[in-house]
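Visitor: next come a sequence and a model predicted from it.
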Amino acid sequence: MSDERKIRILVAKPGLDGHDRGAKVIASAFRDAGFEVIYTGLHQTPEMIVAAAVQEDVDVVAMSVLSGAHMTLFPRVKKLLDEAGADQVLLTGGGIIPEDDVAELERRGIGRLFGPGTPTTTAIEYVNGWFAAQQTS
Amino acid sequence: MTAGRRAAGMVMTDAMADLLERFRDGQVPALARAISIVESERAGFQDLLHEVMARGPRAKRVGFTGPPGAGKSSLVAAAAATYRAAGEHIGVVAVDPTSPYSGGALLGDRIRMNDLATDAGIFIRSMATRGSLGGLATTTKEVADLMDGFGFDRLLVETVGVGQTELEITAAADTVVVVLVPESGDAIQAMKAGLMEIADVFVVNKADRPGSARLVKELRQALHLRAGSALKDIPAHHGVDLARIAKKEARNAAPPVSPADWAVPVLTTNALTQDGVPELLEAIDQHLTWLEHGGQLDVRRRDRARVRVRDVVARELSREAWKSEEVTAALDLGVDRISKGEETPYSVARGILASLLR
């Protein structure tokens, strides 16, 4: 039991948009994939998200952003994570995010971002793959 | 101390020594990482605990338990906010269940604690039970010890939503608060066994809902029943005051419960409006004072230490036993012989034990 390292993942819903269906769907899918999912609910500030990520010692932070504020929120959380010494944490997520912005955010050190209609298995495979690569490196 | 450490065969790796240094320096990420190491029982976790626990328990430990949805997280949040306002540093451990099917878990206790999320004087950690059945995770007690060693003044430990027999919280807390709601059922449920016996303080939360006064009354009567004064809260009826008759009988009967005993209070709260929360915290403090003055705190800590040593020995013995290839081979062979009807599980186990104790 102790040899199997659990993936701990924070599912966060930053900002003021109240649409958390997607966050709940992906949180449940991650749970069913065997992850330990910390879900903090709606209306999180970047500071709250990073404080939770540090205290919970998560491997991954997954943010759901539907408000159009992704170009602000993702870099802000990434910066705060780095400042908190949690630069090893994978910051990923999903939402209504144009492809150009996805590419730009990836250039800035954010992980993959998934759009509407992505099968949950795709996100799970991505996290599992990233985690396995971390373990061997 | 150094000699003792060497005698116990404990050697720190550089990474662990570095972590310990940052831990002692009060760095929050170091505490978070130390918890992960202990929670996953990664190599060296016992050495880490040994170092951190060297100065002994100091923090006040309050446990919150009760059925799912009773409002444990909300009460913990309300309590933590009040303690913070008084300047205390607070550690919170909140446990939620692991799915036995997927091994995953959805840890949602932080949702109720969002107001505290960015307060540097509070540290919240969610734990999944990972197969443990007592209402806590296997290593929740150890995680509480880490937080204690980090220097928090008070620890709030919240169990998963429990039924009747998940009572492990008593091993993790000095004061156990049992949180019920009017929908929890009548006091007979609480009288059966278990929860009733571990409560130091009862709280009926969501007390604005119908049925709360009735549950409070039933709980008080059930508690008096246990304390031998069952008829205290029952008014005279049919012209007969049962309480007076009972008092008369009591003079010839067993001696009353000594005043040195703790009288379990039954309180009402509404965690959302904070109604009753100050009274709850007052009762918790009174219980802690009673523990300290009556010598009970020492008794509880000694009990905890005894259980811990037994746990560690049992776990290590088992780990050692199954480490050897000889033993696992004996097990495989034994299973073959059992399936052929040549041996029973008991004879195989006896053989393995004999070879281990040789």
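Guide: Nice, I can see it. Predicted, not measured: the structure shown is a model, and the values here were computed from it.
Visitor: got the residues of chain A near chain B?
Guide: A:1-2, A:5-6, A:8, A:27-28, A:30-41, A:43-45, A:47-48, A:51-52, A:54-57, A:84-86 (C-beta under 8 Å from any C-beta of the partner chain). Heads up, the C-betas are built off the backbone N, CA and C, glycines and all.
Visitor: what about the helices in chain A?
Guide: Assigned by DSSP state H, chain A shows helices spanning A:21-32, A:46-55, A:70-83, A:99-107, A:120-136.
Visitor: so which of those helices gets nearest B:K217?
Guide: Nearest to B:K217, of all the helices of chain A, is helix A:21-32, at 39.7 Å by C-beta to C-beta.
Visitor: which positions in that closest one come out as buried?
Guide: Residues A:22-23, A:26-32 are the ones in helix A:21-32 that count as buried (16 or more other C-beta atoms under 10 Å in any protein chain shown).
Visitor: what about it, average pLDDT?
Guide: Averaged over helix A:21-32, pLDDT sits at 94.
Visitor: can you check stretch A:55-70 too?
Guide: Across stretch A:55-70, pLDDT averages out at 95.
Visitor: do the same with stretch B:204-214
Guide: 92.
Visitor: give me the below-cutoff pLDDT ranges for chain A.
Guide: A:1-4 (pLDDT under 70).
Visitor: repeat that for chain B.
Guide: Within chain B, the segments meeting pLDDT under 70 span B:1-11, B:186-193, B:226-260.
Visitor: longest helix of it?
Guide: Scanning chain B for the longest helix, with DSSP H as the assignment, gives helix B:296-323.
Visitor: residue contacts, B:I352?
Guide: B:I352 is in contact with B:321, B:327, B:330-331, B:334, counting by C-beta atoms under 8 Å, 6 or more residues apart in numbering or on different chains.
Visitor: would JSON lines of the residues you listed with neighbour count be doable?
Guide: Shown next, in JSON lines, are those (neighbours: other C-beta atoms under 10 Å in any protein chain shown):
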{"residue": "B:A321", "neighbour count": "15"}
{"residue": "B:V327", "neighbour count": "16"}
{"residue": "B:A330", "neighbour count": "17"}
{"residue": "B:L331", "neighbour count": "16"}
{"residue": "B:G334", "neighbour count": "19"}
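Visitor: which of these sits closest to chain A?
Guide: Closest approach to chain A among the contacts of B:I352 (C-beta to the nearest C-beta): B:A321, at 15.6 Å.
Visitor: any idea how far the spatially most central residue of chain A is from A:V89?
Guide: By C-alpha atoms, centre = their mean, chain A has its centre lying nearest to A:A62, at 1.2 Å. For A:A62, the distance to A:V89 (C-beta to C-beta, to the nearest Å) stands at 11 Å.
Visitor: then B:S40?
Guide: 17 Å.
Visitor: picking up where we left off before, taking the contacts of B:I352 one by one, which sit in helices?
Guide: Among the contacts of B:I352, DSSP H puts B:321, B:327, B:330-331, B:334 in helices.
Visitor: and these, which two are furthest apart?
Guide: Of all pairs in the ones in helices among the contacts of B:I352, the most separated under C-beta to C-beta is B:A321 and B:G334 at 13.6 Å.
Visitor: need the buried ones from the residues of chain A next to chain B selected in PyMOL.
Guide: Applied in PyMOL, the following selects the buried portion of these according to 16+ other C-beta under 10 Å:
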select buried, chain A and resi 6+8+27+28+30+31+32+33+34+35+36+37+38+39+40+41+44+45+48+51+52+54+55+56+57+84+86
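Visitor: isn't there a strand covering B:A137?
Guide: No. Judged by DSSP: H, G, I helix; E, B strand; the rest coil, B:A137 forms no part of a strand; its state is coil.
Visitor: which non-adjacent residue is nearest it?
Guide: B:M127 (4.3 Å; C-beta to C-beta, 6 or more residues apart in numbering or on different chains).
Visitor: would that neighbour count as being in a strand?
Guide: Yes. Counting by three-state DSSP, B:M127 is found in a strand.
Visitor: before we move on, the earlier item: out of B:S40 and A:V89, which sits in the busier spot?
Guide: Applying other C-beta atoms under 10 Å in any protein chain shown to B:S40 and A:V89 shows that A:V89 carries more neighbours, namely 23 against 18.
Visitor: ok, the more buried one - contacts?
Guide: By C-beta under 8 Å, 6+ apart, the residues touching A:V89 are A:53, A:58-61, A:81.
Visitor: mind running it again at 6 Å?
Guide: Residues in contact with A:V89 (C-beta atoms under 6 Å, 6 or more residues apart in numbering or on different chains) are A:61, A:81.
Visitor: again, but for B:A30
Guide: Each residue near B:A30 by C-beta under 6 Å, 6+ apart is listed here: B:19, B:22-23.
Visitor: and with 10 Å instead?
Guide: Counting by C-beta atoms under 10 Å, 6 or more residues apart in numbering or on different chains, B:A30 touches A:85, B:18-24, B:150.
Visitor: any quick ChimeraX command for the buried ones out of the residues you listed?
Guide: This is how ChimeraX selects the buried members of these, with burial counted by 16+ other C-beta under 10 Å:
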select /B:19,20,22,23,150
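Visitor: can you redo the contacts of B:A30 as TSV with secondary structure and distance to B:P210?
Guide: Shown next, in TSV, are those (DSSP: H, G, I helix; E, B strand; the rest coil; distance: C-beta to C-beta, whole Å):
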residue	secondary structure	distance to B:P210
A:G85	coil	51
B:D18	helix	57
B:L19	helix	52
B:L20	helix	54
B:E21	helix	56
B:R22	helix	53
B:F23	helix	49
B:R24	helix	52
B:F150	helix	44
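Visitor: need the contacts of B:A30 in TSV with distance to B:V309, can you?
Guide: Shown next, in TSV, are those (distance: C-beta to C-beta, whole Å):
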residue	distance to B:V309
A:G85	35
B:D18	29
B:L19	25
B:L20	22
B:E21	27
B:R22	28
B:F23	23
B:R24	25
B:F150	23
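Visitor: what's the closest of the contacts of B:A30 to A:P14?
Guide: Taking C-beta to C-beta as the measure, A:P14 sits nearest to A:G85 out of the contacts of B:A30, at 20.7 Å.
Visitor: count the neighbours of the residue nearest to A:L113 when sequence neighbours are not counted for me.
Guide: Excluding the flanking residues, the one nearest A:L113 by C-beta to C-beta, 6+ apart is A:V102, at 4.9 Å. Close neighbours of A:V102, defined as other C-beta under 10 Å, add up to 18.
Visitor: return the distance of A:V102 relative to A:L80.
Guide: Taking C-beta to C-beta, one finds A:V102 at 21 Å from A:L80.
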